[in-house]
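Undergrad: build me a model from this:
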Amino acid sequence: MEPGTPEELAGSPTLWELLDRRATLTPGATALIQADEPARLPDRRMPPQPVSATDRRLTFGELRTRAERVAAWLHTLGVRAGSRVVWQLPTRIETVVLTFALARLGAVQIPVIPSGRDREVGHALRATGAEFFAVPGVWRGFDHGLMAHRLALSLPVPPLVFTAYEDIPEADPAPLPPPPSDGTAVRWVHWTSGTTSDPKGVLHTDRSLIVSGACLADALGLTPDDVGSMAFPYAHVAGPDYTVMVLLRGCPALLVEHFALPDSLGAYRRHGVTVAGGSTAFYSMFLAAQREEPDRRLLPTLRLLAGGGAPRPPGLYHDVVRELGCELVHGYGMTEAPMITMGRPGDPADRLATTEGRPPAGMEIRVVGSEGDTVPAGTDGEIRLRGEAVCQGYLDPSATAEAFDAEGCLRTGDLGHLTEDGYLVLTGRIKDVIIRKGENISAQEVEQLLHSHPGVDDVAVIGLPDAERGERVCAVVQQPAGAPPLTLVEVAAHLEAAGLARHKIPEQLELVGSLPRNDTLRKVLKHKLRERFA
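TA: A predicted model of the protein is given here:
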């Protein structure tokens, strides 16, 4: 029986069970591929390059074997079912092996993005009472080991720090206890993106992550012949989500430890990647690279770009399909619910360009008005969620009580509506609404219109304190290289021509070299822009 069928997902299997089933079914099939050293872009006049000597592969059978042997070594350190383990590791084979080793033991995993420093990492250690802390040592010029020991000494009960970058120790798995059997226990703590306060710890189970990954696999329609790719931090909630898809479909994924173009293209080409993406920023980077060489397909094997986590301008969809020669499907997810909606290959082009796709079976979406009542299709309101892919809450019980309504639905804080045919359209965030002279303005609406201006490469619209208006509308624009400086008059004229209401037109324009983004899915950090331009 193929893993991922309804029968296989019944009974709340654990992540370890999912790996065990796949390794039994196709032990010799490739699971993970990695080019440790990003090869420089091959000469475009040359035929495809052979696999580099530094490229590594791991089959599903080898992944199971190595993970169980690493689990045996972790067991000698004292890691047990329920042990709290923080890991701050990059996207590489050893990280995946470690996570499955911890899954074999039933430990509680607490991933932290590798770019996190004392403040974020210290918060994760303190908030969870971590007993173990895995780091990559010196990585990209930063000594994570030194930081880990410094933070450990500041805690009442220091965690045991160990390095897990390469050559992780192994041991005989014979003495190990049986693997966990309940996929509904909380075994993951992921972190929301912090703004001005500490991030919140989001509680997930193996079951919630498996359901999310199964929905993603179904939406994208991957087969064993596909080659996927993970170019985002594996510590993001999308890491286990994508891995579940790989296990269910039996296809390999290329792991990219540090994604940069054009350098990463060599690995994508060598391994014939068919599905790539991550978020809007990745689409834009691939498109920009294609425009450097418009007469030849950037990635001949690529059939699909897919992702989510940030707004995607409608024009970007059409540009990708036309210039990259592949399909683009975009979805809506968040740390609390990794898979909410997703476009599917074959959906109507207008829906793929202007919506976030449809929810999978089992994901209930309610759009509610200001009084908490469900509003009809086409009417904007707050998006609320209920389903098995939704998290169990937060580390802080008070945050959990605030986040869920009386009917058990998660309040997302996102604004949008459902179309008559069930597609979700996002229009903004409750906290991203600018209130100017008592009128609500969706920042995303203004951003989408500005994206169509040729002098705009990227844009963030923010509200700034204003004594007269309450808030004034400010557009922060990143321009294409070589473009003449944009003026506020040009911005206003463009938006007026697009039919935008006058009260929504920005009163302030700021030009920046690049917009500040986080290190996960490259979301724009609007709080930093507000701090800078207030």
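Undergrad: from residue 238, how far off is residue 335?
TA: 9 Å (C-beta to C-beta, to the nearest Å). For every residue, glycine as well, the C-beta is placed using N, CA and C.
Undergrad: and what of residue 308?
TA: Residue 308 sits at a distance of 9 Å from residue 238 (criterion: C-beta to C-beta).
Undergrad: same check, this time on residue 90
TA: Distance from residue 90 to residue 238, by C-beta to C-beta: 14 Å.
Undergrad: who are the contact partners of the residue lying closest to residue 122 once chain neighbours are set aside?
TA: Leaving aside its sequence neighbours, residue 122 sits nearest to residue 151 (C-beta to C-beta, 6 or more residues apart in numbering; 5.1 Å). Going by C-beta atoms under 8 Å, 6 or more residues apart in numbering, residue 151 touches 118, 121, 122, 125.
Undergrad: who has more neighbours out of residue 335 and residue 238?
TA: residue 238 (27 against 20; other C-beta atoms under 10 Å).
Undergrad: rewinding a little: identify the contacts common to residue 308 and residue 238.
TA: 333, 521.
Undergrad: identify the single longest helix in the protein, thanks.
TA: Secondary structure of the chain per DSSP state H: the longest helix is helix 60-77.
Undergrad: now it: buried residues?
TA: Within helix 60-77, the residues that count as buried by 16 or more other C-beta atoms under 10 Å are 60-75.
Undergrad: ok, stretch 362-382 next?
TA: Per 16+ other C-beta under 10 Å, stretch 362-382 contains these buried residues: 363, 365, 366, 367, 368, 375, 380, 381, 382.
Undergrad: ok now that stretch, how far from the chain's centre?
TA: Stretch 362-382 sits 25 Å away from the centroid of its parent chain (C-alpha atoms, centre = their mean, to the nearest Å).
Undergrad: alpha carbons only: can I get it in PDB?
TA: C-alpha atoms of stretch 362-382 as PDB (Å, rounded to 0.1, in the frame of the first residue of the first chain):
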ATOM      1  CA  GLY A 362     -10.500  18.800   5.900                       C
ATOM      2  CA  MET A 363      -9.500  22.500   6.100                       C
ATOM      3  CA  GLU A 364     -12.500  24.600   7.100                       C
ATOM      4  CA  ILE A 365     -12.200  28.300   6.300                       C
ATOM      5  CA  ARG A 366     -14.700  30.800   7.800                       C
ATOM      6  CA  VAL A 367     -14.700  34.500   6.800                       C
ATOM      7  CA  VAL A 368     -16.200  36.500   9.600                       C
ATOM      8  CA  GLY A 369     -17.400  40.100   9.900                       C
ATOM      9  CA  SER A 370     -16.800  42.500  12.800                       C
ATOM     10  CA  GLU A 371     -19.500  40.800  14.900                       C
ATOM     11  CA  GLY A 372     -18.000  37.300  14.400                       C
ATOM     12  CA  ASP A 373     -20.800  36.300  11.900                       C
ATOM     13  CA  THR A 374     -19.900  34.400   8.700                       C
ATOM     14  CA  VAL A 375     -20.100  36.700   5.700                       C
ATOM     15  CA  PRO A 376     -21.200  35.600   2.200                       C
ATOM     16  CA  ALA A 377     -18.800  34.900  -0.700                       C
ATOM     17  CA  GLY A 378     -17.100  37.900  -2.100                       C
ATOM     18  CA  THR A 379     -17.300  39.900   1.100                       C
ATOM     19  CA  ASP A 380     -14.100  40.700   3.000                       C
ATOM     20  CA  GLY A 381     -13.700  39.600   6.600                       C
ATOM     21  CA  GLU A 382     -11.200  38.000   9.000                       C
END
